[in-house]
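Trainee: A predicted structure for the sequence below; I have some questions about it.
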Protein chains: 2
Amino acid sequence: MYNNQRNLMSEKVSSRKQQVRAEDVARHAGVSRVSVSRTFTPGASVSDATRAKVLKSAEILGYRVNRLASSLNRSESGIVALVAAEIDTPHRAAMIAELSERLQAAGKVTMLINTSGYEERVKDALLQAISFRTEAAIILSGAPDPSLADTCFSNGMKLVLINREEDFPGSLQIGPDNRAAGKTALKALLRAGCKRIALANSANATWSIVERQKGFLAAAEDAGVDVLCEVDGFTSYQAGLELGTALLDREDRPDGIFCTTDLIACGVIDAARQRFGLRTPDDLSVIGFDNIQQAEWEGYDLTTFAQPTDQIIDKCLEWCTTEQPSSETVKLPAKFVWRNSVQKARVPMK
Amino acid sequence: MYNNQRNLMSEKVSSRKQQVRAEDVARHAGVSRVSVSRTFTPGASVSDATRAKVLKSAEILGYRVNRLASSLNRSESGIVALVAAEIDTPHRAAMIAELSERLQAAGKVTMLINTSGYEERVKDALLQAISFRTEAAIILSGAPDPSLADTCFSNGMKLVLINREEDFPGSLQIGPDNRAAGKTALKALLRAGCKRIALANSANATWSIVERQKGFLAAAEDAGVDVLCEVDGFTSYQAGLELGTALLDREDRPDGIFCTTDLIACGVIDAARQRFGLRTPDDLSVIGFDNIQQAEWEGYDLTTFAQPTDQIIDKCLEWCTTEQPSSETVKLPAKFVWRNSVQKARVPMK
DNA sequence: CTGATTATTGTACACGTTTGCATCTCCATA
DNA sequence: TATGGAGATGCAAACGTGTACAATAATCAG
């Protein structure tokens, strides 16, 4: 017969939360406990009769397979950790929305770990992920110590770094081709006939954002044009306001600005409009990066680069679901999105 | 002696992921397995000597307590589910950022479940949460069937509904006082001297958004003023553009518009500026709701209502961490944030 | 030095699953 | 009818932990 006694040794039964177990369903349906398990395991062998009985009893009792126990047994948690800071930033939020959506569609469960604040928290985040035997950790901001990464690997966890390209063996490093985008931005400003070109960047920029700046400056050097560099503040709209104000306040006011981020670009445009009465693209050409939702708002209509989000996620999922993925670095082209913040080409193409 | 043999019955050892267990650490440190467990259990009794040995060995071997197993045993997962749709929407993103942050600080782990798309997905989300024995589910959008909620309760899960106030026993229902806010909005427009007052709302609005509309209209009725209602589209910036265009295109163009959402308000302001050459607050007064980041962008400078996010989250956490919380409905005042999208008071206060 | 108290360690069981193997039933084929 | 084979079911062993209880070692009061 079934052993119905729970908590044999513990007197205070009430302290434990009573859950509906497979055994309860089994007893209710008059079948064995394994039959219940098999009913909920795809591909397992159960007769239609017992399956029906089990499903009915499960429905009545409100039974759900305990995935903690199941994960423990099969050593596959189905959980993927998303590690990110400043989640409420437009581009980041979009990325997380898309990622969680796609992970879900792939049958995975997303664990969100917010690392705003100290950089140190990436470490804690990964430790937490390891504790929960996460199948993979997708890091959207920051990067872990190599030693910590090894701990991840030794626990069978996969590591994806988005927007990082440092040397990181064993992981997938993926992101847009920031340098190329910077280059394209410069060409576009030149073709628009801009004479005094500037760059607006945050002083606390991420690696990938600095890359954009480098690409832009390198292209400028190649073309033999001087670039006015204004670098200050955080990667935010407010910083854009300040940067824009500083730039437009100069005697030699620039007529074309590459902003390393859409948020900064929005700030620059607003500075131009609200504080100097200048309009894009007539008085000033502005290019951003990220293609956040606000970029297509009518007040900005910002020419920018679209992050290759879909492709990044495609690759992410594919890489995470292969058995023994090998270290890989993927750089995807960022699509140039023409809107109306850049003067129409005055200089014909060569 | 220790039993080092794993997978006694399974030949293909390699198929299972090899993990570092407490037993491995115990063997390495020359102590018993329970000592390892005790080392990582706060308040357990271990001598400093063994604790030190255990910690050292754990460090070397890269051991982390398996929280799946631990949760299973103690029937406390430490996981809280966040159920939300349209995560990349400014207000939603901010809410999630703050919630995940605070949950983390409280030692909880957040599981993000994206329910964009069908409404049906709230059900799937909760079923998933139950499977993982989530301690609580915080629902930011949508609401579950009562029967499903019962299943949640019977599995010891707590339920929080944010921005819902339907009759839902056993759960915490919390959100801003939308009606009162609508009322305040009307008063503010009247005091600004607006003569032709309008309301712009989405046709697919949530319950709480509809409440704002109701509060506004009720107050208008009380004051004996007519309100022009434009209701169409989704709750988005684009809808705001359309709504604004439709309103401002009328013969009897309104001079004061309450938008049930900041996103809509931004759209309305842009419609006014970009399509009609009208400026706030001189030609048009606009009030929004949510106090999203864009509301304080210089291009909008939007007078709006701040969601009582902090208080909501405070209450959430407090409620979720009490043993047997009783059903509760909490309505918190939304703070009116004065910026510069509403004409300065022309009508003196009575 | 003895008995009592306390701090530490060990033993064994439970948490709720999945799965290899063995058993059993049933039906078709030779 | 005997022989296989397929399909369903049961048994028992894991997965990696926490904890009540017992046993042992250490400390202390008298």
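Mentor: Nice, thanks for sending it over.

Trainee: for the host helix or strand of residue A:124, list every residue counted as buried.
Mentor: With elements taken from DSSP states H and E, the one containing residue A:124 is helix A:121-131. Buried residues in helix A:121-131, counted by 16 or more other C-beta atoms under 10 Å in any protein chain shown: A:121-122, A:125-126, A:128-131. Bear in mind the C-beta positions are built from the backbone N, C-alpha and C, glycine included.

Trainee: low-confidence ranges in chain A?
Mentor: In the predicted model of chain A, residues A:1-17, A:346-350 satisfy pLDDT under 70.

Trainee: kindly recompute the last result at 50.
Mentor: Within chain A, the stretches with pLDDT under 50 are A:1-5, A:7-16, A:350.

Trainee: and it, what are its domains?
Mentor: What automatic domain parsing lists as the domains of chain A is A:19-65, A:77-176+A:309-333, A:178-307.

Trainee: save those domains as a markdown table, and put in distance to DNA strand D too.
Mentor: Output for those, formatted as a markdown table (distance: least, C-beta to the nearest atom of the strand, whole Å):
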| stretch | distance to DNA strand D |
| --- | --- |
| domain A:19-65 | 2 |
| domain A:77-176+A:309-333 | 8 |
| domain A:178-307 | 34 |
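
Trainee: re the thing from before, does any part of the helix holding residue A:124 sit near chain B?
Mentor: Yes: in terms of C-beta under 8 Å from any C-beta of the partner chain, part of helix A:121-131 sits within range of chain B, namely A:127-128, A:130-131.

Trainee: just the CA trace of that helix, in CSV.
Mentor: What follows is helix A:121-131, C-alpha atoms only, in CSV (Å, rounded to 0.1, in the frame of the first residue of the first chain):
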residue,chain,number,x,y,z
ARG,A,121,27.4,42.8,-8.6
VAL,A,122,28.1,40.9,-11.8
LYS,A,123,30.0,38.5,-9.7
ASP,A,124,27.1,38.0,-7.3
ALA,A,125,24.8,37.6,-10.2
LEU,A,126,26.8,34.8,-11.6
LEU,A,127,27.2,33.1,-8.2
GLN,A,128,23.5,33.2,-7.9
ALA,A,129,23.1,31.8,-11.4
ILE,A,130,25.4,28.9,-10.5
SER,A,131,23.5,28.2,-7.4
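
Trainee: ok, and what's touching that helix?
Mentor: By C-beta atoms under 8 Å, 6 or more residues apart in numbering or on different chains, the residues outside helix A:121-131 that reach it are A:81, A:83, A:85, A:111, A:113, A:115, A:137, A:139, A:141-145, A:148-149, A:151-152, A:155, A:157, B:64-67, B:109.

Trainee: can you list which of those residues are found in helices?
Mentor: Judged by DSSP state H, helices contain the following of the contacts of helix A:121-131: A:148-149, A:151-152, B:67.

Trainee: correct me if wrong: residue A:214 contacts residue A:179.
Mentor: Yes: here residue A:214 reaches residue A:179: they are 6.2 Å apart, a contact under C-beta atoms under 8 Å.

Trainee: more neighbours: which of those two?
Mentor: A side-by-side neighbour count of residue A:214 and residue A:179, using other C-beta atoms under 10 Å in any protein chain shown, places residue A:179 first with 18 against 14.

Trainee: neighbours around residue A:149, how many?
Mentor: Neighbours around residue A:149, by other C-beta under 10 Å: 21.

Trainee: residue A:344: which of the residues of helix A:121-131 next to chain B is nearest?
Mentor: residue A:128 (51.3 Å; C-beta to C-beta).

Trainee: distance of residue A:241 from residue B:273?
Mentor: Distance of residue A:241 to residue B:273, computed by C-beta to C-beta, to the nearest Å: 18 Å.

Trainee: typo on my end, it should be residue A:205
Mentor: 31 Å.

Trainee: checking residue A:320 next. Helix, strand or coil?
Mentor: Three-state call for residue A:320 (DSSP: H, G, I helix; E, B strand; the rest coil): helix.

Trainee: that one against residue A:157, yeah?
Mentor: No: applying C-beta under 8 Å, one finds residue A:320 not in contact with residue A:157, separated by 10.1 Å.

Trainee: overlap of the contact sets of the two?
Mentor: A:135-136.

Trainee: which parts of the stretch 51-200 of chain A sit against DNA strand C?
Mentor: Proximity of the stretch 51-200 of chain A to DNA strand C, by C-beta under 7 Å from any atom of the strand, involves residues A:63-66, A:69-70, A:72-74.

Trainee: now with 10 Å, please.
Mentor: A:58, A:63-76 (C-beta under 10 Å from any atom of the strand).

Trainee: and of these, the nearest to residue B:235?
Mentor: residue A:64 (32.6 Å).

Trainee: tell me how many other residues crowd the closest one.
Mentor: 21.

Trainee: now it: how far from residue A:20?
Mentor: Taken as C-beta to C-beta, the span from residue A:64 to residue A:20 is 8 Å.

Trainee: list the residues that contact both of those two?
Mentor: Counting by C-beta under 8 Å, 6+ apart, the contacts common to residue A:64 and residue A:20 are residue B:155.

Trainee: separation between residue A:128 and residue B:114?
Mentor: Going from residue A:128 to residue B:114 by C-beta to C-beta gives 20 Å.

Trainee: in stretch A:274-288, which residues are buried?
Mentor: Those would be A:274, A:278, A:280-281, A:284-288, for stretch A:274-288 by 16+ other C-beta under 10 Å.

Trainee: out of those, who's nearest residue A:43?
Mentor: residue A:288 (49.7 Å).

Trainee: and the residue of the stretch 251-350 of chain A that's closest to DNA strand C?
Mentor: residue A:323 (15.9 Å; C-beta to the nearest atom of the strand).

Trainee: where does that residue fall, phi/psi-wise?
Mentor: phi -60, psi -60 (degrees, to the nearest 10).

Trainee: same question, residue A:41
Mentor: According to degrees, to the nearest 10, residue A:41 has phi -100, psi 110.

Trainee: kindly report the same for residue A:229.
Mentor: phi -100, psi 120.

Trainee: next, the contact list for residue A:264, please.
Mentor: Listed by C-beta under 8 Å, 6+ apart, the contact partners of residue A:264 are A:200-202, A:235-237, A:239-240, A:243, A:288.

Trainee: let's see 6 Å
Mentor: Residue A:264 sits next to A:200, A:239-240 when contact means C-beta atoms under 6 Å, 6 or more residues apart in numbering or on different chains.

Trainee: that one is in what secondary structure piece?
Mentor: helix A:262-270.
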